[in-house]
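>>> Predicted model and sequence below, questions to follow.
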Amino acid sequence: MGGETKAREAAHKLPHQLRVGISCALQTRLHRSVEVYRESDLVMTTPLWYSRLAKLLDISCAALEPVDRTRLIGHDARPRRGSYTRDGQDQGNLWWDYGGSSMSASPCNRHTAAARPSEAECGYAVRQLAEKLELPGTPSDYHFAIQDVLYVLWKYRAGDPEVLEALEALCWLNIRLLEACPEVFRMGDVSYPRLFAFESLEQILEQEGYLHEALEVARRAHPFGQLEGKVEMLTNRIAAMEAEK
């Protein structure tokens, strides 16, 4: 029985190169020399697109793990603009050509990595993400690709420091992506959907006792309408702890 438990625990550990790559992905900064698709001559809301995430965020590592992007289907794809009318206003969207057929799904969005024998769910999820982030897509595509992996890692975080480390790193990567282009994720004029990166990262840091770091996450979440009340709560907790010293 003990052997089976250890085997299950080991199966969920991330390969070393994935953990190292994710940690390096934390070292990001905005990169403004980007390949952008935008129709400026029409009044439309055409999404931006990028040939890979590294064109949006300057990442110190080439990828979460070594990826030969030239072997990925759609690595050199470029979208064409489409348009439609909604509520009396012109709207823009992107269409991608795949072997004679056109789809609104970008290469990043539709990519599925080939499975490997005996590969654990966490390892597969992060490896597939590494490939997705090397493909053309929109900021929204990259956000949801990362967020999907956050949900997977969240399930296995307890008792596995390697998965927890990967989870924290990808939360920061997702937050930096959100901060790079917040307008892309806005619903209407002011509201945002639930953004799991803020919620999960703040919870991890608070539970581990890193209250100042958790407060920083809460402050960065505030412009996105996330973690309501957390800034005040954490500020009060920190003040109370310092008063006891």
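That came in fine, so what should we check first?
>>> Please pull out the lowest mean pLDDT helix or strand from this structure.
Ranked by mean pLDDT, DSSP states H and E, the helix or strand of the chain with the weakest confidence is strand 28-30, at a mean of 35.
>>> Distance from the longest helix seen in the chain to the middle of the chain?
Scanning the chain for the longest helix, with DSSP state H as the assignment, gives helix 161-180. Relative to its chain's centre, helix 161-180 lies at 7 Å (CA atoms, centre = their mean, to the nearest Å).
>>> Can you dump the C-alpha atoms of it in CSV for me?
Coordinates of each C-alpha in helix 161-180 appear next as CSV, following Å, rounded to 0.1, in the frame of the first residue of the first chain:
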residue,chain,number,x,y,z
PRO,A,161,6.5,21.2,-3.2
GLU,A,162,7.6,20.8,-6.9
VAL,A,163,4.0,21.2,-8.1
LEU,A,164,3.5,24.1,-5.7
GLU,A,165,6.6,25.8,-7.1
ALA,A,166,5.3,25.4,-10.6
LEU,A,167,1.9,26.6,-9.6
GLU,A,168,3.3,29.8,-8.0
ALA,A,169,5.5,30.5,-11.0
LEU,A,170,2.7,30.1,-13.5
CYS,A,171,0.4,32.3,-11.4
TRP,A,172,3.0,35.1,-11.6
LEU,A,173,3.4,34.6,-15.3
ASN,A,174,-0.4,34.8,-15.8
ILE,A,175,-0.6,37.9,-13.7
ARG,A,176,2.1,39.6,-15.7
LEU,A,177,0.2,38.7,-18.9
LEU,A,178,-3.0,40.2,-17.4
GLU,A,179,-1.2,43.4,-16.4
ALA,A,180,0.4,43.7,-19.9
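>>> Could you list every helix and strand in contact with it?
For helix 161-180, the elements it packs on are helix 16-25, strand 28-30, strand 57-59, helix 121-132, helix 139-155, helix 196-207, helix 211-221, judged by 3 or more CB pairs under 8 Å, 6 or more residues apart in numbering; DSSP states H and E. The way it works is simple: take the backbone N, C-alpha and C, and place the C-beta from them, glycine included.
>>> Flag the shaky bits of the chain, pLDDT-wise.
1-47, 59-64, 83-92, 189-190 (pLDDT under 70).
>>> Can you pull up the most central residue in it?
Residue closest to the average C-alpha location in the chain (CA atoms, centre = their mean): residue 146, at 3.1 Å.
>>> distance of it from residue 179?
As judged by CB to CB, to the nearest Å, residue 146 and residue 179 stand 13 Å apart.
>>> swap in residue 76?
With distances taken as CB to CB, residue 76 is found 29 Å from residue 179.
>>> same thing with residue 163?
25 Å.
>>> which of those two has more neighbours?
Ranked by neighbour count (other CB atoms under 10 Å), residue 163 and residue 179 place residue 163 first, with 24 against 13.
>>> my guess is the more buried one meets residue 156, correct?
Yes - counting by CB atoms under 8 Å, residue 163 touches residue 156, with 4.9 Å between them.
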